[in-house]
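> Please work out how this folds:
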Amino acid sequence: MKLFKRSSLFTSISKWVTIGVPVLMLLLTISTTVVKAQTKDTTHWNDEDLYTDDPVKAAYFGVGGGFIGGLFFANFDVLNTNIARPFVGQDAKSTIFMTGGQGFVTLPWVKNLRVGGMGSSGTSTCDCNDTSVQGNQVNRELKYTVGYGALTIDYVLPLGYKHFSIVPGIALGAGSVQLYAQQAANRASAFDINDEFSNGSNITHNYHSSFFFYMPQLQFEYSFKGFAMLRATVAYQGTSMGTWSVDDGVSLGSTDKLTGINGSGLSVSLGVFFGLFP
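Here you go, the predicted structure:
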């Protein structure tokens with residue numbers, strides 16, 4: 001009887017050992033794996049957990065100013081037909097070199113919105129032409145000058161590749177077109193102010209008209225060193241012309257010879273700016 005009881009006890013113990021040992025080994029293996037996988041301290045705040053996904057790009061910020069130089073391709077069909085050919089015997093040069101400047105700053109209230117101010121001007125000069133007026137040899141010259149000042153509104157689209165940005169925008173402002181026409185002869189006698197105005201050979205006139213200015217533009221910008229930026233721009237200068245006058249506001253009457261002369265046309269430019277850039 002005792003032997004049988006011992007055998008039953010031994011059998012029960014053996015059964016539990018057979019089942020328990022593998023289970024215990026499995027639990028130890030799992031515990032060891034978990035401990036090895038835990039490579040960082042979880043007892044404090046880990047801010048790297050906030051950046052497990054792709055980081056959100058910060059808004060663009062830039063403030064600066066600089067210089068602009070470029071080419072304005074004017075439409076001189078009316079100017080050449082009505083003014084340049086009759087006066088100097090040739091067409092005016094319709095490709096005008098423009099120079100100016102601009103400053104801007106990013107607004108903190110609207111992401112990537114940038115505002116600023118700019119101004120630019122340029123002149124086309126016809127080569128001097130000698131002709132005879134009332135038996136006197138005179139020299140004639142014609143200059144076309146366009147200039148404007150404008151508010152700029154841009155929306156910056158950072159490309160996220162080595163500081164490149166594409167910037168669509170528009171400039172809105174006002175400006176003027178001036179035609180300077182001069183006819184002059186060499187003075188044969190001593191200077192006299194009255195002779196300057198009584199002699200029909202020496203005449204100068206300034207024809208002037210103001211305009212409302214608008215310029216949609218597409219800008220390509222590259223910043224470097226954090227304080228400098230280069231820009232290339234393609235734009236269209238649009239102008240809504242006012243009334244033409246001559247010599248400081250004198251009316252030209254009902255003539256339409258200057259209608260169609262404006263400051264509109266395609267323009268391209270390069271700029272260099274200094275300030276704070278991404």
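> Once you drop chain neighbours, what's closest to Leu142?
Leaving aside its sequence neighbours, Leu142 sits nearest to Cys126 (C-beta to C-beta, 6 or more residues apart in numbering; 4.4 Å). Quick note: C-beta positions are derived from backbone N, CA and C, even for glycine.
> For the one you found, give its distance to Gly89.
Cys126 sits 9 Å away from Gly89, going by C-beta to C-beta, to the nearest Å.
> Which one's more surrounded, the two?
Cys126 (21 against 12; other C-beta atoms under 10 Å).
> residue ranges of the helices in the stretch 101-250 of the chain, please?
Taking DSSP state H, counting those that start in this stretch as the test, the helices found in the stretch 101-250 of the chain are 193-198.
> where in it is pLDDT low?
132-135, 161, 188, 199 (pLDDT under 70).
> show me where the stretch 51-200 of the chain has strands.
Counting by DSSP state E, counting those that start in this stretch, the stretch 51-200 of the chain has strands at residues 63-74, 95-106, 113-125, 129-133, 136-155, 157-158, 164-184.
> Hmm, Gly66 is touching Val272, no?
Yes. Applying C-beta atoms under 8 Å, one finds Gly66 in contact with Val272, separated by 5.2 Å.
> Show me which of those two is the more surrounded one.
Gly66 (17 against 12).
> Need the residues touching each of Gly66 and Val272.
Listed as contacting both Gly66 and Val272 by C-beta atoms under 8 Å, 6 or more residues apart in numbering are Met229.
> Provide a list of residues in contact with the closest residue to Gly226 other than its chain neighbours.
If the residues on either side of it in the chain are set aside, Gly226 comes closest to Phe277, at 6.3 Å by C-beta to C-beta, 6+ apart. By C-beta under 8 Å, 6+ apart, the contact set of Phe277 is 62, 64, 163, 223, 226-229.
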